[in-house]
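J.: Sequence below, structure please.
(chains A and B)
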Amino acid sequence: MSRERLPKIIQIVGPTASGKTNFSVRLAEALGGEMINVDSMQVYRPLAVGTDKPTAAQCARVPIHGIDLIDFGPPMDASEFAEYARQKIREIASRGRCCIVSGGTGLYHRALVHGLIEAPARNDAVRAELRAERDRVGIPAMYARLCDVDPVAAGRIYAQDWVRIERALEVYMTTGKRLSESQDAHGFKTSFVSRLAFGCTAERAVLYAKIERRLDEMWHSGLIEETQAMLDAGLDADQLPLKALGYRQAAMYLRGECSDAEALELAKRETRRFAKRQLTWFRADSEIEWLKMPLSDEAFGEICARCSAFLTDVCEA
RNA sequence: GGAGAGGUAGCGAAGUGGUUAAACGCGGCAGACUGUAAAUCUGUUACCAACGGUUUCGGUGGUUCGAAUCCACCCCUCUCCA
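T.: Predicted structure coming up:
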């Protein structure tokens, strides 16, 4: 294998509010590297207070990429992000600097590291068609259709999971190829980078408390106003930028679907659940070494040393 | 003081003699995830040495082969009238 030729990255993952960004900035600074943020929501410029982006102070300490990439319009997707990130990794390497890839979006990390199958991007026309049909015949009938055209894919998808049923049918309709066959061929077998991966954690209660405190702050420091502004600008409340955690609940409140307090509670709960889903995703990755987050100076020093060794060692395992 | 209503698993709420360890919802926990991923979906949730066992439906006692469900007394909560 031409493993040494792969660009090396330090990968930092973890649930929201686990302290990834702090840790990554510190690490990037210590290693003289640059950061790439892997976050499906922080790429949207209009989302400011609700996505806990790196602060101006943090951005001053170290170059941080992957933030505020797009405004409104067609949303970003995993493949697009992965391409962007790999391009950035090359650029950073060409500057002779190391790369800290940090964030909480599991699929984006995976797409960046292993790539995705060869398949066309979303096709809104086809999806509109599929959705119209679904509304007519129901999800079970659509699932039955998937069972016909791609039984293997259907076997991997829960019968109610519309998002995946739609994607599988979309791929089949636009390419004539079965999604499952592309997946089998792909299998996340190849890597585009060589990585040293760390996962940030904290005790569940600590994590949850931090999530709640952070939402209280966001809620009272502009999240509502920001959401209102987007609604005023005519953004669809169940389309992407407004589907982000916090914004979605703020929109519910603003549209009179629930009280202010209810919306805030809901936002907290959904964010806690999100953190759990992130944990589930990352726990499945056996290459990740978990770090309990308020890291001591000694522990941080050790991690730095290991990162340096990884980055300089030509024939590491 | 009088008249009603009610107390069911973490919470809300069904159940009114056996097939009920107890529907359903919420919350919790766990899982899946290949171009929507802060999305979408699945499982599980009295307790245990667990394909078997133990203890549950305010409390105590009773009726019955058998009760969360029937009877008696007691405790508590809520509403209305004083």
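J.: Start and end of stretch A:233-246, how far apart?
T.: 18 Å (CA to CA, to the nearest Å).
J.: What are the contacting residues of it?
T.: A:41, A:44, A:46-47, A:50-51, A:72, A:75, A:215, A:218-219, A:223, A:227, A:230-231, A:247-248, A:251, A:255, A:267, A:270-271, A:274 (CB atoms under 8 Å, 6 or more residues apart in numbering). Every C-beta, even on glycine, is put in place using the N, C-alpha and C of the backbone.
J.: Would you mind trimming those residues to those in range of RNA strand B?
T.: Among the contacts of stretch A:233-246, the ones lying near RNA strand B by CB under 7 Å from any atom of the strand are A:M41, A:L47, A:G50, A:T51, A:P75, A:R248, A:E270, A:F274.
J.: what about the fifth one, neighbour count?
T.: It refers to A:P75. Per other CB atoms under 10 Å, the neighbour tally for A:P75 reads 15.
J.: A helix includes it, no?
T.: No. Counting by DSSP: H, G, I helix; E, B strand; the rest coil, A:P75 falls outside a helix, being coil.
J.: chain center to the lowest-mean-pLDDT helix or strand in chain A, what's the gap?
T.: Ranking every helix and strand in chain A by mean pLDDT, DSSP states H and E puts helix A:240-243 at the bottom, with a mean of 88. Computed by CA atoms, centre = their mean, to the nearest Å, the separation of helix A:240-243 from the middle of its chain amounts to 14 Å.
J.: Report the buried residues of that helix.
T.: Neighbour-count burial for helix A:240-243 flags A:L240, A:P241, A:L242 (criterion: 16 or more other CB atoms under 10 Å).
J.: residues in contact with the residue in the stretch 151-300 of chain A positioned nearest to RNA strand B?
T.: As assessed by CB to the nearest atom of the strand, RNA strand B sits closest to A:Y158 within the stretch 151-300 of chain A, at 2.9 Å. Shown in contact with A:Y158 (CB under 8 Å, 6+ apart): A:R164.
J.: Would you mind measuring from it to A:T105?
T.: Distance, A:Y158 to A:T105, by CB to CB, to the nearest Å: 21 Å.
J.: returning to that earlier point: put the buried members of the ones next to RNA strand B among the contacts of stretch A:233-246 into a ChimeraX selection.
T.: ChimeraX command restricting these to the buried ones, with burial defined by 16+ other CB under 10 Å:
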select /A:41,47,50,51,248,274
